[in-house]
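J.: Need coordinates for the below:
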Amino acid sequence: MSEEFDLSEFEISMVIRQMEFSDIKKLLSMQELCFPGMEPWEEGHLKSHLETFPEGQMVAELDGEIIGSCSSLIINFDEYDDRHTWDDVTDEGYITNHNPDGYNMYGIEVMVHPDYRRMKVGQRLYEARKELARELNLKSIILGGRIPNYHKFAEEMSPREYVDSVSRHKIYDPVLTFQLMNDFTLMRVNPNYLPDDKASKKYATLMEWNNVDYKPVTKRHFKTSYPVRICVVQYLMRKISSFEEMAHQCEYFVDVASDANSDFVVFPEIFTTQLMSFMDEISPSQAVRKMTEYTPQYIELFMNLAVRYNVNIIGGSHFVEEEDEEIYNISYLFRRDGSIEKQYKIHITPNERKWWGISAGDAVRVFDTDCGKIAIQICYDIEFPELARIATDAGANIIFTPFCTEDRQGYLRVRYCAQARAVENQIYTVISGTVGNLPQTENMDIQYAQSAIFAPSDFEFARDGIVGETNANLEMVLIGDVDLEILRRQRQDGTVKQLKDRRHDVYRIEYKKD
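T.: Presented below is the predicted three-dimensional model:
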């Protein structure tokens with residue numbers, strides 16, 4: 001009996017998979033081979049793609065070697081000018097204009113290593129992109145395609161005549177012919193699409209593939225508003241005799257927020273230091289460590305309140321001792337579905353270091369909620385504009401800032417910076433502070449606050465960019481509505497467009513994370 005061949009020796013592995021951060025350097029090298037003479041991606045572009053819309057970034061891999069890739073984002077195409085450029089529709093390559101609620105996928109690049117062409121790698125990437133569009137129930141895929149052979153015919157025919165000839169199979173163009181063969185139809189020809197595309201004479205064909213499986217979703221076509229109701233607690237610091245006494249106060253405010261059908265209720269920074277008022281501890285640093293023993297009760301309290309009253313809770317912030325025996329200032333998000341997230345305070349004030357020995361966190365978090373993406377930046381953190389920009393680029397529409405300040409000067413630093421962040425990033429910001437006095441509690445004896453909800457400054461938003469504000473230094477709540485749909489539209493068509501008009505060619509923020 002003859003021996004059977006070991007077929008595994010002849011097998012090869014061709015896979016299309018999601019791009020990973022470890023692929024970036026290989027892709028940058030491959031792009032220089034695929035598009036000689038054109039300005040290549042920078043590492044920051046591809047990192048932004050993966051942070052913003054990882055599912056839309058794909059690579060083709062042959063026996064473990066990357067031989068092709070494609071990049072995409074989601075938009076509402078109707079919001080863009082017919083004569084848009086590649087920079088317009090990609091936010092200069094960073095895709096921070098990606099709209100997860102959009103209904104068109106926009107393909108911004110496909111490349112195949114020159115040594116592996118005519119292996120249908122591009123077709124495989126296109127099919128993977130189509131399958132993703134079906135999975136996400138997107139109406140179509142749109143792309144701006146190069147016409148790299150046009151320079152050979154530019155003296156004898158217009159771009160429209162060239163495209164017509166390619167469509168009739170009289171002329172071969174490696175990109176346009178390929179797109180037509182993959183069921184894309186011509187929408188129009190756009191001039192000045194890619195300024196460095198000399199072969200195409202800066203022209204591009206706008207192409208579209210329609211998803212025949214698309215099921216129209218009414219809210220995406222006729223949505224006129226997306227209101228989110230926020231209840232801001234301006235909390236009075238008073239002497240208490242037990243944790244249960246503080247818990248009763250907190251439940252009262254959550255009940256008020258729930259009765260008003262609020263989506264979020266926000267408590268101030270370190271309002272739990274009220275617990276120190278019944279502790280027999282003179283040293284502030286020791287009192288803080290003693291207070292951290294209440295962390296399990298604090299988390300259980302707010303988790304139960306969020307679920308029972310059906311409202312998302314920004315639980316102010318609380319001092320927490322972790323396994324490294326360091327104490328952190330942490331704000332928790334208690335979702336109404338019972339899940340919990342946390343944001344560490346990143347910038348620690350001199351006062352916190354001196355009196356309490358608080359350690360700093362090192363990550364900017366953006367959280368998914370049933371009302372879109374949000375971020376939490378505790379007090380001093382809102383005074384550093386880089387953090388808000390990082391959060392906005394990661395999709396945050398609202399930044400909540402629990403704060404605790406002892407005088408008007410400190411309060412105004414928080415307020416003015418929160419208002420500035422709302423304007424700079426075209427987002428809503430919310431500040432929630434403590435008022436009152438704790439005479440027997442060292443370093444927490446006086447408070448100053450006027451809590452508020454801020455909006456960008458433009459015609460569609462509240463006058464002066466202030467959705468609402470409390471009276472200064474009185475215990476009360478503020479309830480206000482913000483509209484995420486107005487926010488989305490203003491980012492595209494506002495009087496000014498701070499996010500779209502950034503000069504990435506001059507400056508950018510680099511987020512150094514693990």
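
J.: so where's the stretch 401-514 of the chain shaky on pLDDT?
T.: Low-confidence segments of the stretch 401-514 of the chain (pLDDT under 70): 513-514.

J.: switch the cut-off to 90
T.: Low-confidence segments of the stretch 401-514 of the chain (pLDDT under 90): 437-446, 488-494, 497, 499-514.

J.: Repeat that for the stretch 151-300 of the chain.
T.: Low-confidence segments of the stretch 151-300 of the chain (pLDDT under 90): 182, 192-197, 216-226, 279-285, 287.

J.: At which residues are the strands of it located?
T.: 185-190, 204-210, 227-237, 264-266 (DSSP state E, counting those that start in this stretch).

J.: Tell me which of these approaches residue 491 most closely.
T.: Closest to residue 491 of those is strand 227-237 (Cβ to Cβ; 16.2 Å). (C-beta placed from N, C-alpha, C; glycine too.)

J.: Measure how far the closest one is from the centre of its chain, please.
T.: The chain centroid and the centroid of strand 227-237 are separated by 23 Å, computed with Cα atoms, centre = their mean, to the nearest Å.

J.: got it, and stretch 162-180?
T.: Distance of stretch 162-180 from the chain centroid (Cα atoms, centre = their mean) equals 39 Å.

J.: could I have that stretch exported to PDB, CA atoms only?
T.: C-alpha atoms of stretch 162-180 as PDB (Å, rounded to 0.1, in the frame of the first residue of the first chain):
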ATOM      1  CA  TYR A 162     -11.600  58.900 -19.800                       C
ATOM      2  CA  VAL A 163     -14.000  57.400 -17.200                       C
ATOM      3  CA  ASP A 164     -16.600  56.800 -19.900                       C
ATOM      4  CA  SER A 165     -14.000  55.000 -22.100                       C
ATOM      5  CA  VAL A 166     -12.900  52.800 -19.100                       C
ATOM      6  CA  SER A 167     -16.600  52.000 -18.400                       C
ATOM      7  CA  ARG A 168     -17.000  50.900 -22.000                       C
ATOM      8  CA  HIS A 169     -13.900  48.700 -21.700                       C
ATOM      9  CA  LYS A 170     -12.100  50.800 -24.400                       C
ATOM     10  CA  ILE A 171      -9.300  51.700 -21.900                       C
ATOM     11  CA  TYR A 172      -8.000  49.700 -18.900                       C
ATOM     12  CA  ASP A 173      -7.500  51.500 -15.600                       C
ATOM     13  CA  PRO A 174      -6.200  49.200 -12.800                       C
ATOM     14  CA  VAL A 175      -8.400  50.900 -10.100                       C
ATOM     15  CA  LEU A 176     -11.600  52.000 -11.900                       C
ATOM     16  CA  THR A 177     -11.800  48.800 -14.000                       C
ATOM     17  CA  PHE A 178     -11.500  46.700 -10.800                       C
ATOM     18  CA  GLN A 179     -14.200  48.700  -9.000                       C
ATOM     19  CA  LEU A 180     -16.600  48.400 -11.900                       C
END
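
J.: contacts for it?
T.: Contacts to stretch 162-180, defined as Cβ atoms under 8 Å, 6 or more residues apart in numbering, come from residues 122-123, 143, 145-150, 153-154, 157, 186, 189, 205, 207.

J.: Report the buried residues of it.
T.: Within stretch 162-180, the residues that qualify as buried by neighbour count (16 or more other Cβ atoms under 10 Å) are 162, 163, 166, 167, 171, 173, 175, 176, 177, 178, 179, 180.

J.: Take those residues and lay them out in a markdown table including distance to residue 57.
T.: Shown next, in a markdown table, are those (distance: Cβ to Cβ, whole Å):
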| residue | distance to residue 57 |
| --- | --- |
| 162 | 31 |
| 163 | 29 |
| 166 | 29 |
| 167 | 30 |
| 171 | 32 |
| 173 | 26 |
| 175 | 20 |
| 176 | 24 |
| 177 | 25 |
| 178 | 20 |
| 179 | 20 |
| 180 | 25 |
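
J.: Between the residues you listed, which sits nearest residue 30?
T.: The shortest approach to residue 30 among the buried residues of stretch 162-180 belongs to residue 175, at 17.0 Å (Cβ to Cβ).

J.: And that closest one, how close does it get to residue 126?
T.: Per Cβ to Cβ, to the nearest Å, residue 175 is found 12 Å from residue 126.

J.: Please spell out the PyMOL selection for the buried subset of the contacts of stretch 162-180.
T.: A single PyMOL command selects the buried members of the contacts of stretch 162-180 (16+ other Cβ under 10 Å):
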select buried, resi 122+143+145+146+147+148+149+150+153+186+189+205+207
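
J.: Just the ones in helices from the contacts of stretch 162-180, please.
T.: Using DSSP state H, the subset of the contacts of stretch 162-180 located in helices is 122, 123.

J.: okay, the angle between the one helix or strand residue 127 maps to and strand 204-210?
T.: Assessed by DSSP states H and E, residue 127 sits inside helix 121-135. Angle of helix 121-135 versus strand 204-210, following axes from the mean of the first three to the mean of the last three Cα atoms, to 10 degrees, is 50 degrees.

J.: just to revisit the earlier point, which stretch among the strands of the stretch 151-300 of the chain comes nearest residue 104?
T.: strand 204-210 (8.4 Å).

J.: Which neighbouring elements make contact with that closest one?
T.: strand 140-146, helix 176-181, strand 185-190 (3 or more Cβ pairs under 8 Å, 6 or more residues apart in numbering; DSSP states H and E).

J.: That one pairs with which strands, and in what direction?
T.: strand 140-146 (antiparallel), strand 185-190 (antiparallel) (DSSP bridges).

J.: who touches it?
T.: If you take Cβ under 8 Å, 6+ apart as the criterion, strand 204-210 is touched by 86, 130, 133, 139-147, 163, 176, 179, 182-190, 193-194, 197.

J.: how does it look with 6 Å?
T.: Here strand 204-210 makes contact (Cβ atoms under 6 Å, 6 or more residues apart in numbering) with 140-145, 163, 176, 179, 183-190, 193.

J.: so how far does stretch 252-268 reach from one end to the other?
T.: One end of stretch 252-268 sits 15 Å from the other (Cα to Cα, to the nearest Å).

J.: Right, I'll leave it there.
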